[in-house]
Structure formats: structure tokens, C-alpha cells
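*Asks:* What shape does this take:
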Amino acid sequence: MINSILGAIGHFILGLLPLVGTALLFYVAWTFWVHYIQQNFISGITWVILEVVPPRDVLRSPKAMELFFTNALYHKSSKGGMEEYWQGAVWFWYSLEIVSIDGQVHFYVRCPSRLKSLIETQMYAQYPQAQVKEVEDYTLAVPEIKKGSDWNLWGAEFKLDRPEAFPIKTYVEFGLDDDPKEEYKIDPLSPVIEFFSSIGKGEQFWLQIVIRADHEKKFHTHGTWFGHHDWVTESQKDMEKISEPYTKVGQRKDTGGFSHEVRAPDWLKPVLEAMTLKTTKLGFETGIRLCYVAKREIFSQNRRRDSRLIFRQYAMPNSNQFVRFNGTQMDAYPWATALMSEKKVDTLRNRMLHEYRERAFFHVPMRHHIFSHQPYFLPWPISPLFFPNFSHHDTFILNTEELATIWHFPGQILKVPGLERVESKEASPPTNLPT
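*Replies:* Predicted structure coming up:
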């Protein structure tokens, strides 16, 4: 009897194998197809780099930059099946950049060419005295990094230390939302600009903040096979989780249902309030990358070490902060650094250079998924035999307030010679001029 049951089970399993194999092959084929058509669509996008020269007098708070992000960069609409699965259409992404070349600091926005006019008009709407001009890609001046080349590079990415529900310290905490007098402003961006302008000839710092609208960032809904929810719902779940020890459940007398009363301690209330406020503003899926590039003979290890601290002013120990990872010195496996040959380290540097140049955080090449630290298709020590490891890119949600904190135009209180500004004010001619 038992043998017949086991035999029936065996035949059933063998009968399922063709179905499972077919489903697996279909999944793999579908994944490669979607990746192919998306990469084909992306290759047809024409990108432009716009340099924004700040006005001489920045009289507005970073709130103005929030409006720019909202009106110019947050695009959300539905895509049909033909667009998404046949044409490979993807949502556009943008790169907000602060760059120092030989100590001269520049602000850049990289965007698809079709959105150039919109970005220009919205920038002028908030900063009428600024100047927007199209420029060449500054990264093209740096060739491949290899033994004997003139250039050296160090790079790293940044991610949030805790879930995105916990906000970083924003310009509101620094009092910039009240538009204080210039001499009383404490601008969190000033240390970055000051540090970037301190480098000399032959050195460069590149900082990019790559963003797209938040609707592509999804979280799996527990208890379901394919259910997903957005970052706002995920933030609410995080708030419920940290307040659960202080939640009292009671029965309602009027309806017979249950009520939840949260009595958070005083030390937790500011965190819950900050988390709640974060979800009241539009969010962008974000990735941050930093590179220090210099001529090999003047490449400074101290510059590299100091640059890792440029986001320290945004840290709130009871909430969130930026942490560095994916450094070109083999952060993915720091204990294996000694085993890395110089040639493979150069491969990591060139990969960082290439991904910075491509502003790659979304829709990365398939080899990145296969050989990266996640999702563990080829783990260490197998994957470094084919391609040196980075961890998989870490993207997170920053709302417009947080983005405006780390990318805005500093006021006149920051007197850095290396920061170019529009010195002359433009005005319309008087209406009473003789014709």
C-alpha cells in the first residue's frame, strides 16, 4: 500500500517537472526580453547636461527648489501594455550634480533632451536671475583608468542607514524655512561647497544624485504572493512597528469593534512626527554616488578619506543618516581586499567611472544582476572570477524637502571664489521708452 502511494506521488512529481521547467524557461525568457527592449528604448534617449549658474543673491529658501523638483521632475502617468512590454518604455530619470573641476564648483542637471525646455522654464520660475546653459559632459575628459594612465579614481555610493520612513535632517531643522537674514543663515550645503572648492589643479570631485518619481519603488505585501504597496504605506507600517510596544488595544462600546490608543514616550514623539511629515510630500527614488578623480601624480588619499564625511551634517542619530558603501576599495568584501589584484581594482574603478557616466542606478546591465552581491546568483568567491564585486545598487526614497536640502543654491553668506554666480541682474526695459 505504502509503495503504491509513493509510486503515485513519484509519478505526479515527474508529471509536474515539464510544467515547472516550461514555467521556469518562460520566466527567464520573459526577463531577458523585458531587459532587452528596455535597454533598446534607453539607447534611443538623447541626454543633455544643463549647467545652472546660481544668481548672485539667493533670497529664497530651499523651498523654491522643492517646487522645482515637483513641477519639473515628478512625472507620473499610466503606460499601456504595448508601450511597456513591446516598446520597452521606461520612466525618465534625472541626475542632480555638484561638481568641482580644479576647484571651480558647478551645478548640473542631466535630463532627456525632450524635457530641456520644461526644466529651463521651471528653474527660471523659481530663480529668475539664474542662468541655464547646455554644456558638454565633463566626465568624457577622463579616460579609462588603467596601469600607466594619467588618471586615478576613487568612488563610492551612499545609502540610508535605516528604512526610508526615517527622514534625514533637513533645511527646516537648520531654520532656512523661515528665510533668516543672510548673516544668520546656517546652510548644510556650505561644507560641501567649501570642501569641493578647496581642491587644486588636476583634481576633481563629482557628486551625483540620481532620481526618478517614486511610483517605481514597490514593497512586497506580506501574506500575499504578488501584492505590493508604495513607500507611504511601508512608512506607516514602520511607524506601527516602532509604536507597537506603546499601543493599547481596547473594545469600543459604541460599535463593538476594537480601538488602538498609542501613548508614545516623549523621546519617540519627535521621530513619529518627522516620519509622518515625510509622507506628506512627494517622494523620489534616489541613488547617490561620489567620485574623486585626479591626475595620478597628485592623487591624494586624504582627499578620498575626507570626502566620505560630506553628508555627516544631515545625520539625525534618532532618525536616519547616510552611510557609505560600494567603494572602489572593495567594500563589498573588505576582508578580501588583500586578495584583489591591481588589475581587478582598476576594473572596479572603471566600472564606477562607467556607471557614473551613465548615471546608472535604474535599468542597469544584466551582468550587474548576475555578478553582483545580490540577488546571489553567483556569490563570492565564484563571481569575482568573472567580474569584481560591488553590492547591488541601493536606492531609497527621499521626499522633496530632503532633496532640496542636499541640492540647492547656497546664499551669499557662502563666499567661495570657486563658486560661479551670475553677477549682473537682468531686467526688462522700461515701458515708457520712446519708439
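
*Asks:* roughly how far out does the longest helix anywhere in the chain sit from the chain middle?
*Replies:* Longest helix of the chain, by residue count under DSSP state H: helix 2-43. Taking CA atoms, centre = their mean, to the nearest Å, one finds helix 2-43 lying 35 Å from the centre of the chain it belongs to.

*Asks:* Residue 240 - nearest residue in space that isn't next to it in sequence?
*Replies:* residue 247 (7.9 Å; CB to CB, 6 or more residues apart in numbering). In this view, the C-beta of every residue, glycine as well, is placed from N, C-alpha and C.

*Asks:* whoops, I mixed them up, residue 352
*Replies:* residue 155 (3.7 Å).

*Asks:* secondary structure class for that neighbour?
*Replies:* When classified by DSSP: H, G, I helix; E, B strand; the rest coil, residue 155 comes out as strand.

*Asks:* The residue nearest to residue 240 against residue 262, yeah?
*Replies:* Yes - between residue 247 and residue 262 there is a contact under CB atoms under 8 Å: 5.0 Å.

*Asks:* Show me where the chain has its helices.
*Replies:* According to DSSP H, the helices that the chain contains are 2-43, 63-68, 81-85, 116-126, 190-196, 231-243, 269-278, 301-307, 342-358, 366-371, 400-406.

*Asks:* now these in JSON lines, with mean pLDDT?
*Replies:* Shown next, in JSON lines, are the helices of the chain (pLDDT from 0 to 100):
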{"stretch": "helix 2-43", "mean pLDDT": "77"}
{"stretch": "helix 63-68", "mean pLDDT": "94"}
{"stretch": "helix 81-85", "mean pLDDT": "75"}
{"stretch": "helix 116-126", "mean pLDDT": "94"}
{"stretch": "helix 190-196", "mean pLDDT": "91"}
{"stretch": "helix 231-243", "mean pLDDT": "89"}
{"stretch": "helix 269-278", "mean pLDDT": "92"}
{"stretch": "helix 301-307", "mean pLDDT": "85"}
{"stretch": "helix 342-358", "mean pLDDT": "85"}
{"stretch": "helix 366-371", "mean pLDDT": "63"}
{"stretch": "helix 400-406", "mean pLDDT": "96"}
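
*Asks:* For the ones you listed, please prepare a markdown table with the additional fields mean neighbour count and distance to residue 177.
*Replies:* Shown next, in a markdown table, are those (neighbours: other CB atoms under 10 Å; distance: least, CB to CB, whole Å):
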| stretch | mean neighbour count | distance to residue 177 |
| --- | --- | --- |
| helix 2-43 | 11 | 38 |
| helix 63-68 | 20 | 6 |
| helix 81-85 | 12 | 39 |
| helix 116-126 | 16 | 15 |
| helix 190-196 | 19 | 17 |
| helix 231-243 | 17 | 22 |
| helix 269-278 | 17 | 12 |
| helix 301-307 | 14 | 28 |
| helix 342-358 | 18 | 32 |
| helix 366-371 | 14 | 39 |
| helix 400-406 | 24 | 9 |
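
*Asks:* I'd like these laid out as TSV, including distance to residue 394.
*Replies:* Below are the helices of the chain laid out as TSV (distance: least, CB to CB, whole Å):
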stretch	distance to residue 394
helix 2-43	20
helix 63-68	24
helix 81-85	25
helix 116-126	27
helix 190-196	21
helix 231-243	14
helix 269-278	18
helix 301-307	19
helix 342-358	13
helix 366-371	13
helix 400-406	16
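
*Asks:* then the longest strand seen in the chain to CSV, C-alphas only?
*Replies:* When every strand of the chain is counted residue by residue (DSSP state E), the longest turns out to be strand 283-295. Provided in CSV are the C-alpha atoms of strand 283-295 (Å, rounded to 0.1, in the frame of the first residue of the first chain):
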residue,chain,number,x,y,z
GLY,A,283,9.0,61.3,-2.9
PHE,A,284,11.7,60.4,-5.4
GLU,A,285,13.5,57.1,-5.7
THR,A,286,17.1,58.2,-5.2
GLY,A,287,20.7,56.9,-5.6
ILE,A,288,23.8,58.8,-4.6
ARG,A,289,27.3,58.4,-6.0
LEU,A,290,30.6,60.3,-5.3
CYS,A,291,33.9,60.2,-7.2
TYR,A,292,37.2,61.7,-6.5
VAL,A,293,39.3,62.0,-9.8
ALA,A,294,42.8,63.3,-10.0
LYS,A,295,46.0,63.1,-12.0
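
*Asks:* measure the residue lying closest to residue 166 once chain neighbours are set aside to residue 63 for me?
*Replies:* With CB to CB, 6+ apart as the criterion, residue 166 has its nearest non-adjacent residue at 3.9 Å, and that residue is residue 320. From residue 320 across to residue 63, the span is 21 Å (CB to CB, to the nearest Å).

*Asks:* Likewise for residue 161?
*Replies:* Counting by CB to CB, the gap from residue 161 to residue 63 is 26 Å.

*Asks:* Equivalent analysis for residue 184, please.
*Replies:* Taking CB to CB, one finds residue 184 at 17 Å from residue 63.
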